[in-house]
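In: Provided below are the primary sequence and the corresponding predicted coordinates.
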Amino acid sequence: MVAPLVALGPIVTAVGRFAVPYLAKELGKIGTNKFIQTYGNEAFTSLNETLTKNTTMVNPEAMPMVNPNFMSKKDDEETSSLPSIENKQDIPQQEPPEDKEPGLGTEVAAEAALQISKNLSKQEDIKSQTEKALEPKVEFGTLTETEKQTARALMGDQPKFYSRVVKSIKDAKQNKLTKNKWKSFIQGDKEELKFLGLDKFLQGNESITKQELLDFVEKKDITSGITVRSIPEDDMNSMYENYTIGSPKEGTQENIVFQFGRKNLLVDAVTSRPYDAEITPLFRSGHFDIEYGTNTFAHARTQVGYGDPDKIKKEMDMAKRVAESNKDKSQYADFSDEKYLKDLKLAKTFNNTLIVDEIQSDWLQKGRKKGFVSDYDIIPGDKLVDYFKKHNISYKISDPPLTVEFKQTGGEEIKSGDAPAMGVMNPNITYFFRKSDNTQAFKWDPESYEEDAKYSTPKEFLQRAYGIVPDFPIKESKKWVELVLNEMIKKATVDGRDSIAITNGEIQYNRYPAMQEKEKQGLKKFYDTIVYDQLKKIANKYGASLERVDITSNIATKEEEDNYFDQSLQRALDYQFTLQEITLQELWDRTKDTDIPGHATLYSNAGRGQGADYIENYITQLVENREPGSAATGLSLWDQIKNNKVYVWKAPTSNVDEEGAISWELPIVAKEDAVNYSPELQGDSLELYKKYIKDTKPPPDEKLQEEQLIKMKLPKKLQKDILSKPIKLSKAKQQTDRLFA
């Protein structure tokens, strides 16, 4: 049903005053160009606006684009000589034919729209024409040095990164408000507000000034201390050279780390002491040494190019010549240049592309698995009753001795392992309760347990004994991924690259064959949704498109896997890594206090698997499958196995720290299983280690899906913006915009 035209007044034209229905009919009859020549550009514009407001049949998408400069010089002179609209009483009036039929205006408007559509849709429909005309022209290509300098000049002395919440406070027009009113103004990202302490601080009707509020948040704001560094080639983990896409241009592989705290003193969330990277690290990534792994909240591995086109062409020509010179021609008969041609095409496609091979946040990944410090309430033993009352937890006290027995809300007993049913109310014992459900998670008792006494504070115990990680203002994956991608685009711009590319999930899935299926699927999903979606978001904003390029290669044979392993082993020896034996206790401790990368592999008679979770589960299963300890020996199940040995590789001490860190890039092997498998080699640990790994059957081959690189050409506007504007740490809610003066 067509909406009726209402309140349609006459439209003043260059030749008189006419009713809207009449002009609409004329427009449909004579076409746009003739209409403008006859009645003037203003009449057309006014008619278009009137019809747009009053009928769904005619809207901006259904009207033709009009060039205001279309009229000829003669038309322009005639129009300019006419009296102005203000003096419209002087304009000769011409009455249009009377519209006697009700709703006729609607019908002629529809007719006009239909006629316009017919006239202009011979080549393509009008909507496509309009969209095409409105579509901004996107200019691609690298920036000149002058363009880079201009963009940097616009950046000025603005910080490289900034907190949207902090900026909203700085930009507020108000100088003094109550805490509750400040809170209503700066409803930003939930996790950042919590990290800055504003969730608790902004409560009540106490008035505070803008400066007082800034003084409070800037103590915890980490943005001014964020640094992005490329690890020097001599300090790079040499084992990561194996992780490449194709053959990168020589010298272009980089490990880039995002750290904070290097430019300002922070309070260590673990020890509550002033932050010192070498003494009290907030977080240590297992991918890197102390210098580049401390307080590293994200990292990226990059390379430029997929291969050298000239080199590939030479190799192809040489292979042809060798094949043709073969006397019996058998080699030539089997020769195909298909692979060379594919590699050559890929090399040309990505010749000047920054390929982001990996994006990862060890900190936030571990936080999702193990939890963050802020997920727990830390309660001294003598404050238990207060905590129970506050959270409606049933309890009873008996005296003497002063003990407490407590149950969960509703009277349900706490599950075994979650909490003791009875405990002495000792102020030296600290209890940790999960905030999510108020159940007890851990207990720290340094007076009774030697292991607990190793830690000086409850938070240090929580992090180092159980792997709980410090808080961070960004916890959503898409937010830190967007931050990293923006920085990678900036790097590509500065380095003169014309495009950027990411991997699809299948590349990552196939890279770690020993990883458990659940973890592999999670990794695949991360790249196919989170990373891809954030790049797509950037592309859409700047009118760029994403191109998927298939780089699928054949599944490696067992022989190829063994050759690859031999090369990795030789590289480790060349860089002075050493094969050493450590106990299961030490390996277990590392699952708690170290961020073990997802590619860390463990081989045993139970099979092979990857990641900290697999290693933890392997040790847990060993304990559970042991015979119960006897009263005679007094050994617990753990005591029976904790001194069992595993083979690990350790990096040279000069490259990391005095103890020498475990290198997770080569497999861990259960020594007992390896010795029992090849008793004749037990005197030679290296040979035994090699034989056991090579003889371990790989998992059955899965059907290989397409491996793809997803490429985006860099629009010049994006490059200029990325050099001239700081990157926000997280996104604030829309209310914050009210504060931007």
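Out: Okay, I see it.

In: tell me where the stretch 401-550 of the chain has strands.
Out: With DSSP state E, counting those that start in this stretch, the ranges of strands along the stretch 401-550 of the chain come out as 403-406, 423-424, 430-434, 440-444, 499-503, 546-550.

In: point out the most buried one among those.
Out: Scoring the strands of the stretch 401-550 of the chain by mean neighbour count under mean count of other Cβ atoms under 10 Å gives strand 499-503 as the most buried, with a mean of 24. Bear in mind the C-beta positions are built from the backbone N, C-alpha and C, glycine included.

In: tilt between that one and strand 546-550?
Out: For strand 499-503 against strand 546-550, the angle by axes from the mean of the first three to the mean of the last three Cα atoms, to 10 degrees is 60 degrees.

In: what's the mean pLDDT across strand 499-503?
Out: What strand 499-503 shows for mean pLDDT is 97.

In: check which helices and strands that strand sits against.
Out: strand 353-360, helix 477-494, helix 532-541, strand 708-713 (3 or more Cβ pairs under 8 Å, 6 or more residues apart in numbering; DSSP states H and E).

In: shouldn't residue 669 be in contact with residue 649?
Out: No. Taking Cβ atoms under 8 Å as the definition, residue 669 is not a contact partner of residue 649, at 10.1 Å.

In: how is this structure carved up into domains?
Out: Following automatic domain parsing, the chain resolves into domains at 11-134, 140-307+350-366+469-554+711-741, 373-457, 558-695.

In: just say which of the ones you listed is most tucked in.
Out: Taking mean count of other Cβ under 10 Å, domain 140-307+350-366+469-554+711-741 is the most buried of the domains of the chain, at a mean of 18.

In: would you list the domains of the chain in JSON lines and tack on distance to residue 337?
Out: Formatted as JSON lines, the domains of the chain follow (distance: least, Cβ to Cβ, whole Å):
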{"stretch": "domain 11-134", "distance to residue 337": "41"}
{"stretch": "domain 140-307+350-366+469-554+711-741", "distance to residue 337": "15"}
{"stretch": "domain 373-457", "distance to residue 337": "58"}
{"stretch": "domain 558-695", "distance to residue 337": "21"}
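
In: so which of these gets nearest residue 321?
Out: Closest to residue 321 of the domains of the chain, according to Cβ to Cβ: domain 140-307+350-366+469-554+711-741, at 20.4 Å.

In: against residue 512, how distant is residue 681?
Out: Residue 681 is 28 Å from residue 512, where distance means Cβ to Cβ, to the nearest Å.

In: actually residue 636, not the one I wrote
Out: As judged by Cβ to Cβ, residue 636 and residue 512 stand 34 Å apart.

In: ok, residue 361 next?
Out: The gap separating residue 361 from residue 512 is 17 Å, by Cβ to Cβ.

In: so where's the stretch 1-150 of the chain uncertain?
Out: Low-confidence segments of the stretch 1-150 of the chain, defined by pLDDT under 70: 1-19, 21, 48-136.

In: recalculate using a threshold of 80.
Out: For the stretch 1-150 of the chain, applying pLDDT under 80 flags the ranges 1-136.

In: and what of the stretch 551-700 of the chain?
Out: 553-561, 563-564, 592-595, 597-599, 611, 625-636, 653-660, 682-683, 696-700.

In: helices of that one, residue ranges please.
Out: For the stretch 551-700 of the chain, helices defined by DSSP state H, counting those that start in this stretch occupy the ranges 558-574, 584-593, 612-624, 637-641, 671-677, 685-695.

In: middle-most residue in the chain, spatially?
Out: For the chain, the residue nearest the mean C-alpha position is residue 481 (1.8 Å; Cα atoms, centre = their mean).

In: residues contacting residue 256?
Out: By Cβ atoms under 8 Å, 6 or more residues apart in numbering, the residues touching residue 256 are 228, 229, 230, 231, 299, 300, 301, 302, 487, 488, 491.

In: what helix or strand is it located in?
Out: Assigned by DSSP states H and E, residue 256 falls within strand 254-259.

In: who does that strand pair up with?
Out: Its sheet considered, strand 254-259 pairs with strand 227-230 (antiparallel), strand 296-304 (antiparallel) by DSSP bridges.

In: mean confidence for the next helix or strand after the last one?
Out: So that's strand 296-304. Following strand 296-304 in sequence order, the next helix or strand is helix 309-325 (DSSP H and E). The average pLDDT for helix 309-325 rounds to 78.

In: what separation do you get for residue 696 and residue 667?
Out: Using Cβ to Cβ, residue 696 is found at 9 Å from residue 667.

In: for the helix or strand hosting residue 385, packing partners?
Out: In the assignment (DSSP H and E), residue 385 maps to helix 384-390. Applying 3+ Cβ pairs under 8 Å, 6+ apart, one finds that helix 384-390 contacts strand 395-398, strand 403-406.

In: ranking those by mean pLDDT, which is last?
Out: Ranked by mean pLDDT, the helices and strands packed on helix 384-390 bottom out at strand 403-406, which scores a mean of 56.

In: mind listing what residue 533 touches?
Out: By Cβ under 8 Å, 6+ apart, residue 533 lies in contact with residue 478.
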